[in-house]
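S.K.: when you get a sec, could you give me coordinates for this:
(one chain, ligands or ions: 1)
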Amino acid sequence: MIQLTRLKSKLAEVCDLKGAASVLGWDQQTYMPPGGASARAEQLATLEKLSHEMFISAEMGELLEGAAAEVSGLAFDSDEASLVRVTRRDYDKARKIPAALVAEIARTTSLGMEVWVKAKAESNFVEFQPILEKIYQLHRALANCLGFEERIYDALLDQYEPGMKTSDLEKIFANLKAQLVPMVHTISEKLTNVDDSILHRQYDGQKQWDFGIEVLKRFGYDFEKGRQDKSVHPFTTSFSIHDVRITTRVEEDFLPSALFGTLHEGGHALYDQGISQDLERTPLGAGASLGIHESQSRLWENLVGKSLGFWKFFYPRLQSTFPESLAPVSLQAFYQAINRVQPSLIRIEADEVTYNLHIMIRFELEVDLLEEKLAMADLPAAWNTKMKEYLGIVPPKDAEGVLQDVHWSNGLIGYFPTYSLGNLISVQLFEKAKAENRDIPGQMERGNFSGLLEWLRTHVHYHGRKFLPVELVERATGSHLRVEPYINYLKSKYWEIY
Ligand code: ZN
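M.R.: Numbers count the residues shown, from 1 in each chain. Below you'll find the predicted structure:
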C-alpha cells in the first residue's frame, strides 16, 4: 500500500495546516486583543490558501488514483477504503470551485458581515439588501459549479449535510409543520401555566462556571484533552482528537445561558474527543456532518440536560450552590421553568417545541431566494408572514426578524436545516441507546452517564466522517431518518408539563 501511505502523509500535512488555522481562530474569539484583527485575517487567509492548494494539487489526485486501486478489495467500512472514498468526494468537490469564485465569496461575505452588523443595529434591511443579493448571486454560481441533479439548493445543502436533498427536507418539514403548528397553538393558550422568573434571579458567575465544569466531568468530557474558555458566541473547536476546546458565555441574571450553553458545546466536544485514534490527521477525523454534530449537542443539552432524571441528581447540588435563589423552589417548578414553551421572535432563545419552526422559515425562504421565486426586496414581508402563520407573532422590527442571524451575511446558505436534522436525529439515537442499554435512565438519575456515552462512542463518535449521515443513522439505529420519534418525544414531555 505504498500509494495509500504516501496519500496519508500528504493528507496529514493538510490536516496540520487546518489544525493550525483552527488554533488561530480559537485565539481570535477568546484572547486576541482587538488590534490583532487585521494581521490575524491575513494569517488565516494564508493558511487557508496553502491547505487548499495542497489538497487540490495534481499530485494528490494521482495518489488518490493509486490508493483507490490498492484498497479496491477492502471492506466498505474499513479505515482505508473509507479514507479513499471520502477524500475522493472532498477532492472532486474542491476541484470544481474556481479559486476566483472562492476569493470573491470570501471578500463579499467578510464585507457582508460588516454591513449586516450595522444594518441590524439600525434595524434597516434596505441597507443590507444589495450585499445580500450579491451573496445569493455568488452562491447560485457556486451551486452551478458544484453541480446538482434536482434542485439548485441541493448543491449548497450537500456541503453541510452530504447526501441530503431539498426534496427530502421538504417532506420532513411538511410533516413537522403539520404536527408542530397545532401543538404551539394549543400551548400558546396555556402559557401562564409555567413561570420561569426564577431563572432571572441573581446567579454568581464563578459558581455557574464551576457547576458547568462539574457536569462536563460527569458527562465524560476529558479536561486532559480539552479546556473551556469564555467567548461572546459559544463554540467548539478541535485541533486534534486530543485537543478539543469549548467556550461558554455567563450571564449573572439568566441561569440557562451558561448552563445549557456549556452542556450543548460539551455534547459537540464529546463527539470530537470520541473519534477513533486511527483517524487522527486524516480527513475522517471529524464529525460526519453538521446535522450529526448537532444531534450530539442537542442530545446532551436537551434530552439529558432538560430531563427530570438528570435534575433529580443535579438539582440538590444546584440548590446548595445557589441557596438564596433556589432553596425555596421545588424540583418540579425548576424542571418546568427550564422547559417553558413560549413562541418568541429570536431563534437562539427558542424552546424545543418552537425551535424547528424558526428553522423551517429560514429553509423555505432560502430555497425561494435561491430559485428566484422570491425577490430580495420582498424578503422582510415574507419573513413576517411566515412568523405569523407558524408562531402567531410578528416582529416589530427587522432586527428582531429577518436581520437577527449572522448566517446569511457570512454566506452560510443551506446551513440552517442541519439544526433541525440534529434535533430529529438526537431523539432517534437516544431512544435506540436506551433500548439497547436499559440502565441508562437509572444511571442518569445517579449522575452517571457512562452507559450513554459508551453507546454513542461505539455507534457514532468512533466512526468520524467514515459514513454519510444517512448511512450513520441507519447503522446506529437500524432505521432511516424519521420525524415521528421526535414528535412523540415532544408530545409525551410537553403534554405532561402543559
Ligand atoms: Zn451546536
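S.K.: and for the residue nearest to residue 217 when sequence neighbours are not counted, the neighbour number?
M.R.: Across the structure, with Cβ to Cβ, 6 or more residues apart in numbering as the measure, the residue nearest residue 217 apart from its sequence neighbours is residue 223 (7.0 Å). Backbone N, C-alpha and C define where each C-beta goes, glycine included. For residue 223, the tally of surrounding residues (other Cβ atoms under 10 Å) stands at 10.
S.K.: residue 295 too?
M.R.: What residue 295 shows, counting by other Cβ under 10 Å, is a neighbour count of 32.
S.K.: ok, the residue lying closest to residue 362 once chain neighbours are set aside - contacts?
M.R.: Excluding its sequence neighbours, the residue lying closest to residue 362 (Cβ to Cβ, 6+ apart) is residue 416, at 4.3 Å. Residues in contact with residue 416 (Cβ atoms under 8 Å, 6 or more residues apart in numbering) are 359, 362, 363, 366, 407.
S.K.: residue 467 belongs to a helix?
M.R.: No. Membership of residue 467 in a helix is not supported by DSSP: H, G, I helix; E, B strand; the rest coil, which gives coil.
S.K.: pretty sure it contacts residue 288?
M.R.: Yes. Contact criterion Cβ atoms under 8 Å: residue 467 and residue 288 qualify, at 6.1 Å.
S.K.: so the closest residue to residue 465 other than its chain neighbours, which of the three states?
M.R.: The spatial neighbour of residue 465 that comes closest, neighbours along the chain excluded (Cβ to Cβ, 6+ apart), is residue 284 at 4.6 Å. Under the three-state scheme (three-state DSSP), the conformation of residue 284 reads as coil.
S.K.: would you agree residue 284 is in contact with residue 466?
M.R.: Yes. With contacts counted by Cβ under 8 Å, residue 284 reaches residue 466, the gap being 5.6 Å.
S.K.: which neighbours do those two share?
M.R.: Counting by Cβ under 8 Å, 6+ apart, the contacts common to residue 284 and residue 466 are 79, 82, 86.
S.K.: in these, which residue is surrounded by the most others?
M.R.: When the shared contacts of residue 284 and residue 466 are compared by neighbour count (other Cβ under 10 Å), residue 82 ends up highest, at 23 neighbours.
S.K.: show me the strands in the protein, by range?
M.R.: For the chain, applying DSSP state E gives strands covering 228-230, 236-240, 243-248.
S.K.: run me through the strand neighbours of the last one, direction for each.
M.R.: Going back to what we said before, that points to strand 243-248. When pairing is defined by DSSP bridges, strand 243-248 lines up against strand 228-230 (parallel), strand 236-240 (antiparallel).
S.K.: which ones are touching residue 142?
M.R.: With contacts defined as Cβ under 8 Å, 6+ apart, residue 142 is in contact with 97, 101, 105, 155, 156.
S.K.: hmm, which of these are the buried ones?
M.R.: Of the members of the contacts of residue 142, the ones counted as buried by neighbours, 16 or more other Cβ atoms under 10 Å, are 97, 105, 155, 156.
S.K.: excluding chain neighbours, what is closest to the first one?
M.R.: Meaning residue 97. Nearest non-adjacent residue to residue 97, counting by Cβ to Cβ, 6+ apart: residue 145, 5.4 Å away.
S.K.: pretty sure that neighbour contacts residue 101?
M.R.: Yes. Using Cβ under 8 Å, residue 145 is in contact with residue 101, at 6.6 Å.
S.K.: from the centroid of this structure, which residue is nearest?
M.R.: In the chain, the centroid-proximal residue (Cα atoms, centre = their mean) is residue 294; its distance is 4.0 Å.
S.K.: OK, contacts around it?
M.R.: 418, 419, 421, 422, 423, 425, 426.
S.K.: again, only using 10 Å
M.R.: Neighbouring residues of residue 294 by Cβ atoms under 10 Å, 6 or more residues apart in numbering: 264, 267-268, 271, 287, 301, 418-426.
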